[in-house]
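Undergrad: Any chance you can model this:
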Amino acid sequence: VQLVESGGGLVQPGGSLRLSCAASGFTFSSYAMSWVRQAPGKERELVAAITSAGGSTNYADSVKGRFTISRDNAKNTVYLQMNSLKPEDTAVYYCNAESIVAGQGYWGQGTQVTVSS
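TA: A predicted model of the protein is given here:
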């Protein structure tokens, strides 16, 4: 099983980034997916989540209207489009897969997002 995040980096405030998480080794279309972030010295925070078929999403209040989660089950990939980035969005962003039915969950290794001028 692998979840491989990409797309992180350094961006100025107000800029945009698109994170990708490529999954392999499990039935991606059966798993809900989410993005979770952790800033230095802070607890992990659920940023956005999407159901297995992509029909429902939810977001942390801090990112509503700025971030969009989506998935492509044909490509086994989940995305996080991040617009209007703020310095407080700086964190390591992790991809997570969860299946209540299978009782399984997986994590990626994380990708660093730094918002700074």
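
Undergrad: roughly how far apart are the nearest residue to residue 45 once chain neighbours are set aside and residue 89?
TA: Excluding the flanking residues, the one nearest residue 45 by CB to CB, 6 or more residues apart in numbering is residue 37, at 5.5 Å. Bear in mind the C-beta positions are built from the backbone N, C-alpha and C, glycine included. Using CB to CB, to the nearest Å, residue 37 is found at 8 Å from residue 89.

Undergrad: What does the pLDDT read for residue 77?
TA: We have a pLDDT of 98 for residue 77.

Undergrad: wait, it sits on residue 54?
TA: No: judged on CB atoms under 8 Å, residue 77 makes no contact with residue 54 at a distance of 11.6 Å.

Undergrad: tell me which residues of stretch 86-95 are tucked away?
TA: 89, 90, 91, 92, 93, 94, 95 (16 or more other CB atoms under 10 Å).

Undergrad: Now do the same for that stretch: mean pLDDT, whole number.
TA: Computed over stretch 86-95, the mean pLDDT rounds to 98.
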